[in-house]
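In: Sequence first, predicted model second:
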Amino acid sequence: MHTEDTRLLAAVQWVTIPVEIDERLIEIAKHLPENWRELPAPPSTRDFGSQWVMQARSPVLRVPSIVVDGEFNYMLNPRHADFGRLKIGASAPFSFDPRL
């Protein structure tokens, strides 16, 4: 989540949810829109994700992090036929470190 309003971080009860994913279910994003790193996020990135969901190519899509070079985010598609193969754990409370 990206926000400059830190009040939002305290206004919501956040949780983490662990997910175990078989690597064979992960699609690695290729051919991202040229402007994918722009802030605010351009419509082309939303369109990219929407196409991935509609085409149901995979239950998980790995995309590069815009915040940390060399790190990745994983998008989940609950509409994909293989989504049930993901092992979703129990949620646990989460709070943001105020130093961030």
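Out: Looks like it came in fine.
In: drop to CA atoms for contacts and neighbour counts, all remaining ones
Out: Fine.
In: Low-confidence regions, this structure specifically.
Out: Applying pLDDT under 70 to the chain flags the ranges 1-3, 100.
In: Geometric centre of it: which residue is closest?
Out: The chain has Met75 as the residue nearest its centroid, 3.9 Å off, counting by CA atoms, centre = their mean.
In: from what I can see that residue touches Leu61, true?
Out: Yes - using CA atoms under 8 Å, Met75 is in contact with Leu61, at 5.1 Å.
In: wait, what's in contact with Val53?
Out: The neighbourhood of Val53, defined by CA atoms under 8 Å, 6 or more residues apart in numbering, consists of 77, 79-80.
In: Strands along this structure, start to end?
Out: 14-16, 19-20, 26-28, 60-64, 72-76, 87-88, 92-94 (DSSP state E).
In: Of those strands, which is nearest Asn35?
Out: strand 60-64 (13.0 Å; CA to CA).
In: and the closest one, which strands flank it?
Out: strand 26-28 (parallel), strand 72-76 (antiparallel) (DSSP bridges).
In: JSON lines for the ones you listed, including distance to Pro98?
Out: As requested, those are exported to JSON lines (distance: least, CA to CA, whole Å):
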{"stretch": "strand 26-28", "distance to Pro98": "32"}
{"stretch": "strand 72-76", "distance to Pro98": "22"}
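In: quick one on the thing from earlier: return a ChimeraX selection command for the buried portion of the contacts of Val53.
Out: To isolate the buried members of the contacts of Val53 in ChimeraX, using 16 or more other CA atoms under 10 Å:
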select :77,80
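In: Looking at the contacts of Val53, spot the one nearest Arg99.
Out: Nearest to Arg99 among the contacts of Val53 is Asn77, at 32.3 Å by CA to CA.
In: I'd guessed the closest one sits against Gln55; true?
Out: No - the criterion here is CA under 8 Å, and Asn77 misses it with Gln55 at 10.6 Å.
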